[in-house]
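1. Dropping a prediction and its sequence here:
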Amino acid sequence: MNRTCLAVLGSLLLCWPTMAQKNLLQKLMKSRPAAFQQLLDNPGQYDIQIIYTQINRDEKGFPHFKQHSYQLDKNHYYYPASMVKMPIALMAMEKLNKLKIKGLDKYSTMKNGAASSPQTAAETDSTAANGQPSVAHYAKKLFIVSDNDASNRLYEFVGQQALNEGLWAKGYEDVRIVHRLGVPGYDEAANRHTNPVSFYDGEKLRYHQGEVYSKATTDFQLTETQRGKGYYEGDSLIKQPFDFSKKNYFSLQDFHDILQAVIFPEAVPPARRFDLTDDDYRYLYQVMSELPRESQHPKYDHEPDHYVKFFLFGDNKETDRIPPNIRIFNKVGWAYGFLTDVSYIVDFDAGVEFFLAATIHVNADGVFNDDQYEYETVGLPFFGELGRVVYEHEKQRKKKLRADLGRFRIAKYD
């Protein structure tokens, strides 16, 4: 065999894992053409990226992972929307732990002040059982119903520079979190300034942090940051592409890996873990999987079970309930026609567990801010069907050992 043939063979061998990864997800989607054929035939229109990670347990129950992907590209821009709330919550909990101040924890009263315009203060929270805001309560709200204000208050505590540099230091490098969500009046400069924050144990001040300015540099070599053919600014249609180059960004792979580090911290390198306590993990498992109707403070029983659970159930009817044997530990985001979900999905009865992450863009008219996005007709059916086809594959997949999922049976709700 000559050197050219050897080189070609070597290239094929190096590419084989990637080819195999793509082929499995393509095979699963092609098995249901009614659901996926249109999407597969128009990859440029929908910007789909998918990660599916199988979990295999060894004799000691230790998890081992095998990742499959479809069109995964860390340099291809998509808007993560509320997905950024997950790492914000994790970094807020970690910051509290690193302060190592007696009497200060995630349940401590947290009061955000206002030092400069357009900042606003937040010193009470009527949705909490005790009427007081805290890192724990904000984390609960941002996971169960993706509350914007809750995430913004934690962003203000962590600080823009510390947030980004802290994630980069853990190896999550394809990250840019540079603005608050869903609140008017903040330009790029204002988002660099974060509010003063104080923590109390009863009436006693435990920690105070003044206004912080971020010097973080977050430029990336991303493609497709100029999107569409127009956008609305108020009532005016601007006939030029919408510019995402200064908006938040987070690769799907990093989201997947962060969730993996939370669900299985023992199975990832120490440098990539978050500095969390055992109680932090238990609390996160509760609020990441808790359904709106299961929460008493705040009460969210007006929201359907699938409100922030896209996989398997995203296209359910409003009155449908997610069966109790299935729990989904996840975070979703949706805005500007972009839909994203990163989940750890468990079926306690079947002993099934797997990670699934995906993003899709549904904006057929190419115009942003016109509220004409195909969330209900294309996006959520895609997530529901993708979750179901992977779930059915998992149920049929042969495993050496049935998983012990006891630590994820979170029975305590408030």
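-> It's in. Residues are numbered from 1 along each chain as shown.
2. the helices in the stretch 201-350 of the chain, which residues?
-> For the stretch 201-350 of the chain, the helices defined by DSSP state H, counting those that start in this stretch cover 252-263, 278-289.
3. any chance of the ones you listed in CSV, with distance to residue 331, mean neighbour count and mean pLDDT too?
-> To be clear about C-beta, it is placed using only N, CA and C from the backbone, and glycine gets the same treatment. Converted to CSV, the helices of the stretch 201-350 of the chain look like this (distance: least, Cβ to Cβ, whole Å; neighbours: other Cβ atoms under 10 Å; pLDDT from 0 to 100):
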stretch, distance to residue 331, mean neighbour count, mean pLDDT
helix 252-263, 8, 22, 98
helix 278-289, 7, 18, 96
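4. For residue 100, which of those helices is the nearest?
-> Residue 100 sits nearest to helix 278-289 of all the helices of the stretch 201-350 of the chain, at 14.3 Å, using Cβ to Cβ.
5. hmm, who's touching that closest one?
-> Helix 278-289 has contacts (Cβ atoms under 8 Å, 6 or more residues apart in numbering) with 89-90, 93, 97, 106, 136, 139-140, 143-144, 262, 265, 276, 327-331, 407-408, 410, 412-413.
6. ok, back up a step: could I get the helices of the stretch 201-350 of the chain in a markdown table, plus columns for distance to residue 369?
-> Rendered in a markdown table, the data for the helices of the stretch 201-350 of the chain read as follows (distance: least, Cβ to Cβ, whole Å):
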| stretch | distance to residue 369 |
| --- | --- |
| helix 252-263 | 24 |
| helix 278-289 | 30 |
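7. Which stretch among these approaches residue 54 most closely?
-> Closest of the helices of the stretch 201-350 of the chain to residue 54 is helix 252-263, at 12.3 Å (criterion: Cβ to Cβ).
8. how far does the closest one sit from the chain's center?
-> Between the centre of helix 252-263 and the centre of its chain there are 8 Å (Cα atoms, centre = their mean, to the nearest Å).
9. then it to PDB, C-alphas only?
-> Extracted in PDB, the C-alpha atoms of helix 252-263 (Å, rounded to 0.1, in the frame of the first residue of the first chain):
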ATOM      1  CA  LEU A 252     -24.200  23.700  22.700                       C
ATOM      2  CA  GLN A 253     -21.300  21.500  23.700                       C
ATOM      3  CA  ASP A 254     -20.400  23.600  26.700                       C
ATOM      4  CA  PHE A 255     -24.100  23.700  27.800                       C
ATOM      5  CA  HIS A 256     -24.100  19.900  27.600                       C
ATOM      6  CA  ASP A 257     -20.900  19.500  29.400                       C
ATOM      7  CA  ILE A 258     -21.900  21.900  32.200                       C
ATOM      8  CA  LEU A 259     -25.100  19.900  32.800                       C
ATOM      9  CA  GLN A 260     -23.000  16.700  32.800                       C
ATOM     10  CA  ALA A 261     -20.800  18.200  35.400                       C
ATOM     11  CA  VAL A 262     -23.800  19.000  37.600                       C
ATOM     12  CA  ILE A 263     -25.500  15.600  37.200                       C
END
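10. Which neighbouring elements make contact with it?
-> strand 49-57, helix 85-99, helix 278-289, strand 326-335, strand 338-347, strand 352-361 (3 or more Cβ pairs under 8 Å, 6 or more residues apart in numbering; DSSP states H and E).
11. Tabulate the ones you listed (TSV), appending distance to residue 383.
-> Shown next, in TSV, are the helices and strands packed on helix 252-263 (distance: least, Cβ to Cβ, whole Å):
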stretch	distance to residue 383
strand 49-57	10
helix 85-99	17
helix 278-289	17
strand 326-335	9
strand 338-347	6
strand 352-361	7
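12. Quick one: closest of those to residue 34.
-> Residue 34 sits nearest to strand 352-361 of all the helices and strands packed on helix 252-263, at 17.0 Å, using Cβ to Cβ.
13. The closest one: partners in the sheet, and parallel or antiparallel?
-> The pairing partners recorded for strand 352-361 under DSSP bridges are strand 49-57 (antiparallel), strand 338-347 (antiparallel).
14. Toward the C-terminus, what is the element adjacent to it?
-> Next along the chain after strand 352-361, taking DSSP states H and E as the criterion, comes strand 367-368.
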